[in-house]
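> sequence plus predicted model, see below.
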Amino acid sequence: MKILFYNHTGKVSGAERVLLTILTRLDRERFQPLLVCPADGPLKAMAEDINVRTLVSEPLKARFTWRPERLIQYLISLIQIVREVRATIRAESPDVVHANSIRAGLVVSAATTGMRMPIIWHVHDLLPRHPLSSGIRLFAALTNRNRIVAVSEAVARRFRGRVLTLFTRRVPIFTIHNGIELQKFDPNRSHRESIRRSLGADANALLIAIVGQLTPRKGQLELVRAFAEISGDFSQARLLIIGDPIFNSDREYRDLIHSETQELGLSDRIQLLGARDDVPELLQAFDLSVVNSRAEPFGLTVVEAMASCTCVLATAVDGIQEIVEHRQTGWLVPPNDHDELVAALGRLLSDATLRSQLAKKALAEVHQRFSADRLMNQFEALYRQMIDRNKLPAEIKLLVTSRT
């Protein structure tokens, strides 16, 4: 069975890391993968490194906006990419097309008009509250070839909205939580100590980290301000900010974080480490991993920290609430609540026993619910079902029951 995977960007963030896990784990005796993506980032090379054939497409220039002139530009880009992808699909004749985003789903559904192959829209983002979103939902319902796979129940609910509640049978929406390669994050005490030394942290240091794209939605600046409030009580605490802006508009945000750190007089205790390719190793060195997002479709870094047996402090938003149980497998605070964030930092930094208890329960939870094995079992079952539509296999029946 040939599966054509289409990604609308060549840059790599959370959605692409999940895609690479699927491509790596796919049973090559049953499935033949082909990736179509732009060459504007490392995704193409990373896929080729795992022996996935790739074809280059132009980047899709389309984002949600209220500016009519931008919408016209984005529509022109969409039409051009649809023509290009249609030609590729006709030449390759895949059995299934896996579109790795909402935008990719739009492209593929339009590009396969008049064709019969089924399509997966792998939805990694919360559909914005925007007039265009209703149009996207209606477009998804134009054909019964589409299957929507959401990375969390929160994403599924947002994508369904009011429109698709009318088309439940026509456009099935499943939830398949993301999974990770657990062995990459196996806790290792000696490894932890060597990584801490490489970061210049002694045995008494309290390392707090926030990992992810630098963008206002991730709340790095608010964490810097909260850290400033507790820094006097925890002289051994350091804050490590890992990640870079992906989009040009977020470079100013990085500069703002840097200037705020200097103004607070904490340049010696707050470090911006930029993007790192050794995050699995780094996670094991931290005493506390913070996810301070205002919105989070899933929370891949939450799962990765849990798998590293690192205590998690996160905001109680969207997909994170499906991963972390407050006071059991992590600590949750309301989003945009400075006082609660400060209080939680103080509570967790002052109680090593509590951090350890939360981390150990989280480690067991992530092995049970968020493995790459589980992810692949569900996706491969879905691929098979999409070829044989007459009967749902047992694995997919389990997914159907989770529809919101």
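In hand now; what should we look at? Predicted model only: the values in this text are computed from it and were never measured. Residues are numbered from 1 along each chain as shown.

> what residue ranges in the stretch 51-200 of the chain score low on pLDDT?
62-71 (pLDDT under 70).

> now the helices for it?
In the stretch 51-200 of the chain, the helices defined using DSSP state H, counting those that start in this stretch lie at 68-92, 102-111, 131-140, 153-160, 189-198.

> which one, of those, ends up nearest to Ile241?
helix 189-198 (16.6 Å; Cβ to Cβ). Bear in mind the C-beta positions are built from the backbone N, C-alpha and C, glycine included.

> and for that closest one, what's in contact with it?
Residues from elsewhere that reach helix 189-198 (Cβ atoms under 8 Å, 6 or more residues apart in numbering): 202-203, 205, 207, 281-282, 284-285.

> okay, buried residues for that helix please.
Going by neighbour count (16 or more other Cβ atoms under 10 Å), the buried part of helix 189-198 is 192, 195-196.

> what does stretch 340-347 give?
So, applying 16+ other Cβ under 10 Å, buried residues of stretch 340-347: 340-342, 344-345.

> could you single out the nearest of these to Gln357?
Ala344 (15.3 Å).

> reformat the buried residues of helix 189-198 as JSON lines; add distance to Trp121.
Shown next, in JSON lines, are the buried residues of helix 189-198 (distance: Cβ to Cβ, whole Å):
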{"residue": "Arg192", "distance to Trp121": "40"}
{"residue": "Ile195", "distance to Trp121": "39"}
{"residue": "Arg196", "distance to Trp121": "42"}
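
> let me know the closest of those to Arg374.
Using Cβ to Cβ, these come closest to Arg374 at Arg192, 26.4 Å.

> quick one on the thing from earlier: tell me which of the helices of the stretch 51-200 of the chain is the most buried.
Of the helices of the stretch 51-200 of the chain, the one with the most neighbours on average (mean count of other Cβ atoms under 10 Å) is helix 102-111, at a mean of 24.

> residues in contact with it?
Counting by Cβ under 8 Å, 6+ apart, 6-8, 60, 62, 78, 81-83, 85-86, 89, 97, 99, 119, 121-123, 125, 127, 136, 139-140, 142-143, 145-146, 148, 159 sit against helix 102-111.

> restricting to C-alpha, output it in PDB.
The C-alpha coordinates for helix 102-111 follow below in PDB (Å, rounded to 0.1, in the frame of the first residue of the first chain):
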ATOM      1  CA  ILE A 102      -5.300  21.600   8.300                       C
ATOM      2  CA  ARG A 103      -3.700  23.500   5.500                       C
ATOM      3  CA  ALA A 104      -2.300  20.300   4.000                       C
ATOM      4  CA  GLY A 105      -5.800  18.800   4.200                       C
ATOM      5  CA  LEU A 106      -7.300  21.700   2.300                       C
ATOM      6  CA  VAL A 107      -4.600  21.300  -0.400                       C
ATOM      7  CA  VAL A 108      -5.000  17.500  -0.700                       C
ATOM      8  CA  SER A 109      -8.800  17.500  -0.700                       C
ATOM      9  CA  ALA A 110      -8.900  20.100  -3.500                       C
ATOM     10  CA  ALA A 111      -6.000  18.400  -5.400                       C
END
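
> got the angle between that helix and helix 153-160?
Orientation check (axes from the mean of the first three to the mean of the last three Cα atoms, to 10 degrees): helix 102-111 against helix 153-160 gives 40 degrees.

> gap between helix 102-111 and the chain center?
19 Å (Cα atoms, centre = their mean, to the nearest Å).

> mind listing what the closest residue to Glu16 other than its chain neighbours touches?
Counting by Cβ to Cβ, 6 or more residues apart in numbering, Glu16 lies nearest to Leu43, which is 5.4 Å off, once chain neighbours are set aside. Taking Cβ under 8 Å, 6+ apart, we find Leu43 in contact with 7, 9-12, 16, 19-20, 35, 37.

> ramachandran angles for Leu43?
phi -60, psi -50 (degrees, to the nearest 10).

> between the contacts of Leu43, which sits nearest Asn248?
Lys11 (11.9 Å).

> and the buried residues of helix 189-198, which is closest to Leu55?
Nearest to Leu55 among the buried residues of helix 189-198, with distances taken as Cβ to Cβ, is Ile195, at 38.5 Å.

> which one (most neighbours) among the contacts of Leu43?
Among the contacts of Leu43, Asn7 has the most neighbours (other Cβ atoms under 10 Å), with 28 neighbours.

> wait, that residue sits on Ser101?
Yes: contact criterion Cβ atoms under 8 Å: Asn7 and Ser101 qualify, at 7.0 Å.

> out of the helices of the stretch 51-200 of the chain, nearest to Ile257?
Judging the helices of the stretch 51-200 of the chain by Cβ to Cβ, what sits closest to Ile257 is helix 189-198, at 22.9 Å.

> rewinding a little: in strands, which of the contacts of Leu43 fall?
35, 37 (DSSP state E).

> using CSV, lay out the helices of the stretch 51-200 of the chain together with distance to Cys311.
Formatted as CSV, the helices of the stretch 51-200 of the chain follow (distance: least, Cβ to Cβ, whole Å):
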stretch, distance to Cys311
helix 68-92, 42
helix 102-111, 33
helix 131-140, 36
helix 153-160, 23
helix 189-198, 13
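
> returning to that earlier point: could you dump the contacts of Leu43 into TSV with pLDDT added?
Shown next, in TSV, are the contacts of Leu43 (pLDDT from 0 to 100):
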residue	pLDDT
Asn7	97
Thr9	94
Gly10	95
Lys11	91
Val12	91
Glu16	97
Leu19	98
Leu20	98
Leu35	98
Cys37	97
